[in-house]
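>>> Just need the structure, nothing else, for what follows:
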Amino acid sequence: MGIKGNLKLVITAQAIVMLASLVKAFVLPKILTVDYYSFWQVYVLYSGYVGIFSLGYSDGVYLLYGDREYNKLPFKELRATNRLFALILMILTVLLAGLVILAVHEPNKRSALLWTVLDIPPVCLIGLVLYIFQITNRFSQYRLYSVLDKILIIAAIGFLAFFAPPLPGPYEAADCLVKYVICFVVLVKFRELFFGSAVSLKVCAKNYLTTSKVGLSLLFANMIGMLVIGAGRIVVELSGDVASYAYYSFGVSVTNVLLAFVTAASLVVYPHLKRLDSARYSKYFRDIEKIATVGALLCIGSYFILSKFVDSVFPDYKTLVSYLPFLLLSVAGQIKMQVLNNSFYKALRMEKRMLAANVQSIALFVLLGLPGYVLTGNAWFIAFGTGVALIIRSWMSEFEICRVLDSSLSKTTLFEIALSVGFSLSAIISFFQQGYSCWLPLIASACFVSAIYLFVRFRHQSELS
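Numbers count the residues shown, from 1 in each chain. Model (predicted):
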């Protein structure tokens, strides 16, 4: 199946992911109080980082077998290292659960962190299998097993909304239990990846260490990239009050819904690139850059609609409207990174440069966001630092890849930069003048109209070619 067919499969899956995101983003804040919602968001935040406990193994499999067909995988070696991987995950889970019990005394936070630790085995094992589906072009299986847990959690939230007390614990437990159910189904259905004849323990240990070593750079690059996105939430969670964290997390949840469809393309691009002649990379980069730019501009263009929606439907959370522009900028930057830059970083085996870009963006976030937050305690500065750091990371990464491909930044990217800078300046002026800036909706509208124009123009050019 070609890239268009695979993309359709993944977009179908992402539609269900988006529905689950909508339920979590908009239903739970209505069920839980602001304080309880903040503890649910503690679970959501830290469970997003449990993939680091794969210790590079899953990423190594992703890089080493990116050009293989499923039936040509080295099953004897792979199932041996997969079993060792599962054993290491279980040991880590027991050790970390004991640490949480001993170190965390606040009951709601301890519960959230315990469920987070229990997420480690299913999340890492499911992630490994989904990686294998991606790189071997088995996107029909990817679609099914990436959305089953989303369907089940929607059903669980609906059930708990009627029959459980409005506490975060039942929702955390349900989310974790669903992951174990899906993990069990995957292990049974694709048991050839884990069970059967295998190489010796000595060869297995050697293969595991080699695979993990290959994947470490990509793991660190991905995790630091996630840390850039989540650093603001971590800072507010650790140093702010419960309500501030709830407001900021709700804003992140609302804007992240916009990522669901657009970043579906990133799951398909890398495996397809690995099967292309590298001489075609430059042209392919241009085509994907146009699509990613459309997504970024649409994201910024949604400001006016989202701000009005939050203000009217969730009045308890209207505090976030002041820093919504920079949350949208951060998502726009993520779209460009996930769809375009990260795919080419991996295809060109530039994991170390990808890691450097993410480290630089962390430093930029610390420089721009932390001083203002430390002095005022206002989460606006965290949103500002995150948004600016992520959008600059995407532009600098694009420039770096263009340099490697002996190309230059396109006019669409330069146009996106100009609109984003104007949008940012308008948001800054609006905040410091404590007033409503008419430029924000105007520039957002310009982004929306430009995105539609670019999309229609690109589609027309594609049909002609």
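>>> Tell me which helix or strand comes right after the host helix or strand of Asp59.
Assessed by DSSP states H and E, Asp59 sits inside helix 57-64. With elements assigned by DSSP H and E, the helix or strand that comes after helix 57-64 is helix 75-103.
>>> Now do that next one: which elements does it pack against?
On a contact count with 3 or more CB pairs under 8 Å, 6 or more residues apart in numbering; DSSP states H and E, helix 75-103 meets helix 57-64, helix 107-118, helix 120-135, helix 201-239. All C-beta atoms are positioned from the backbone trio N, CA, C, and that covers glycine.
>>> and whichever helix or strand comes after the longest one, what other elements does it pack with?
Past helix 201-239, further along toward the C-terminus, the next helix or strand under DSSP H and E is helix 242-256. Based on contacts counted as 3+ CB pairs under 8 Å, 6+ apart, the elements that helix 242-256 packs against are helix 34-47, helix 201-239, helix 303-313, helix 324-336, helix 380-404.
>>> now, of the ones you listed, which is deepest in the fold?
Most buried of the helices and strands packed on helix 242-256 by mean neighbour count (mean count of other CB atoms under 10 Å) is helix 324-336; its value is a mean of 28.
>>> got the contact list for the following helix or strand past that helix?
As assigned by DSSP H and E, the chain's next helix or strand after helix 324-336 is helix 342-347. Applying CB atoms under 8 Å, 6 or more residues apart in numbering, the contact partners of helix 342-347 are 63, 218, 221, 225, 266, 269-270, 273-274, 278, 281, 285, 288, 350-351, 353-354, 397, 401, 405.
>>> where in this structure is pLDDT low?
1-22, 25, 66-67, 240, 258, 260-271, 274-276, 434-437, 458-465 (pLDDT under 70).
>>> Count the neighbours of the residue nearest to Val214 when sequence neighbours are not counted for me.
Nearest residue to Val214 in three dimensions, chain neighbours excluded: Gly60, at 4.1 Å (CB to CB, 6 or more residues apart in numbering). Neighbour count of Gly60, defined by other CB atoms under 10 Å: 26.
>>> In this structure Gly60 contacts Ser217, no?
No. With contacts counted by CB atoms under 8 Å, Gly60 stays clear of Ser217, the gap being 9.7 Å.
>>> Might you report the residue contacts of the residue nearest to Val214?
Thr210, Thr211, Ser212, Lys213, Val214, Gly215, Leu216, Leu218.
>>> repeat for Gly230
Per CB under 8 Å, 6+ apart, neighbours of Gly230: Leu45, Gly48, Tyr49.
>>> residues contacting the second one?
Which is Gly48. Met226, Gly230 are the contacts of Gly48 under CB under 8 Å, 6+ apart.
>>> Try it again at 10 Å.
Thr116, Asp119, Val123, Met226, Ile229, Gly230, Arg233 (CB atoms under 10 Å, 6 or more residues apart in numbering).
>>> TSV please, covering these and showing distance to Ile91.
Listed next are the contacts of Gly48 as TSV, based on distance: CB to CB, whole Å:
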residue	distance to Ile91
Thr116	17
Asp119	16
Val123	16
Met226	24
Ile229	29
Gly230	26
Arg233	29
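>>> ok so, going back, out of the helices and strands packed on helix 242-256, nearest to Leu87?
helix 201-239 (10.4 Å; CB to CB).
>>> What sits closest to Phe314 if chain neighbours are left out?
Pro29 (6.3 Å).
>>> For Val359, see how far away the one you found is.
Applying CB to CB, to the nearest Å, the value for Pro29 to Val359 is 34 Å.
>>> Many thanks, have a good one.
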